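> sequence first, then the predicted structure, then my questions.
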Amino acid sequence: MNKLYTTIILVLLAALYFAFGQGQENEVSPLQEKETSLSVDTENVRYEIPVSTKERAEILLEQYGYTVSYNPELYIPNWVAWELNEEKLVVRESRSSKFYPNPKLPEDEAVTTKEYSGSGWDRGHMCPAGDNKYHWRAMNESFYMTNICPQNHNLNRGDWKELEEACRRWAEEEPVYIVCGPINYRTPKYGYIGKEFKIRIPDAFFKVVLTGVQSGNPRAIGFIYKNEAGNNKRDKYVNSVDEVERITSMDFFSALPDDVERRVEAVCKLSDWP
C-alpha cells in the first residue's frame, strides 16, 4: 500500500513539474513584453512623413532627396521631410549656387528666385544642400524654390545652419528622420515678399528629429526658431515633439508603435543628442 501511495505521489509531482516548470520556459514575462513593444520594424516605413491634423493647401511632391508638402497659396512649404544616413553623407557633388522653379509645377504657378531679389530675406533651404551632396540630382533638387522659405540672414547662416550640421553628426551614428518647415501665425509679423507671387514670410521655423529606430532605442527631439537674428545655444530652441505638434497642428513619427511614439515625443533631453 505504501508503495502505491509513493507511486501516485511521484506521478503527481512529475505532472506538476511539466505543467508549471517546463511550460513556464516559453512564457513571456511582463518585462519581456514591454521590451518587445519597443522593437520597431524598419522595412519600407517612412517614419519621416508627418500627418496634418488640420486642413491646409497642399501639393505633395516627391523629390530625389526629400518629400515636400508645398502650399500653393502661401508659395512656401508646409513641411519638408527626409531620411539622413551615413551613405548620404558621402560627398560626391559640390554645392550648387543656382535656384530653380520646380518643373513639376505649372510655369505660371512656380516661384522663381527673382521673387526674393532685393527683399532683404535669404532663400532659406528647408532640406539643406549639405544633406544632398551624395548625388547630383539630389543637390540640384534641393535648390528648387518649393524647398525654400524667406529666412532671416543671420538665422540662416548661424543657429539654423548649426542645427543642420548637428543633424549630420547624429546621422554618422545611425539614420535620422527629419521634418522641418515654417510656422505661420494667424497674424503675419513680417508680411509678404514677391512681385508676381505673394510669398508668406514665416514667423518661425520648426525641426523635429527621430533616431535610434534601427537599434531599438528610439528617441526624438524638437526645435523652434523665431525668424530673427540671434546667437544662442541650442538649448534655447529645444522643445518636445509633442509641443511642436501642438504649435504646428501636425502628427510626427506616427509610423512608430503608439506606445513608443507617446514615450519619445513627451521628452526633450538635449543631453541625449551630443
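Here it is on my side, so go on. Residues are numbered from 1 along each chain as shown.
> drop to CA atoms for contacts and neighbour counts, all remaining ones
Noted.
> just checking, Glu174 touches Asn85?
Yes: at 6.6 Å, Glu174 counts as touching Asn85 under the criterion of C-alpha atoms under 8 Å.
> neighbour-wise, which of these two wins?
Set side by side, Glu174 and Asn85 show more neighbours around Asn85, with 20 against 16, by other C-alpha atoms under 10 Å.
> quick one: contacts for the more buried one?
Applying C-alpha atoms under 8 Å, 6 or more residues apart in numbering, we find Asn85 in contact with Ala171, Glu172, Glu174, Pro175, Val176.
> who's in contact with the fourth one?
Going back to what we said before, that points to Pro175. Pro175 neighbours (C-alpha under 8 Å, 6+ apart): Glu83, Leu84, Asn85, Glu86, Thr211, Gly212, Gln214.
> how is the protein carved up into domains?
The chain breaks down into these domains under automatic domain parsing: 1-37, 40-272.
> dump the ones you listed into JSON lines; add mean pLDDT as well.
Converted to JSON lines, the domains of the chain look like this (pLDDT from 0 to 100):
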{"stretch": "domain 1-37", "mean pLDDT": "41"}
{"stretch": "domain 40-272", "mean pLDDT": "96"}
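> among those, which is the most enclosed?
Most buried of the domains of the chain by mean neighbour count (mean count of other C-alpha atoms under 10 Å) is domain 40-272; its value is a mean of 18.
> residues contacting stretch 129-145, please?
63-65, 84, 87-96, 98-102, 110-113, 125, 127-128, 168.
> hmm, 7 Å instead?
63-65, 88-96, 98-102, 111-112, 127-128 (C-alpha atoms under 7 Å, 6 or more residues apart in numbering).
> what's the nearest residue to Ala220 if we skip its chain neighbours?
Leaving aside its sequence neighbours, Ala220 sits nearest to Leu210 (C-alpha to C-alpha, 6 or more residues apart in numbering; 4.4 Å).
> and of the contacts of Pro175, the nearest to Asp159?
For the contacts of Pro175, the residue nearest Asp159 by C-alpha to C-alpha is Leu84; the value is 19.6 Å.
> thanks again, I'm all set now.
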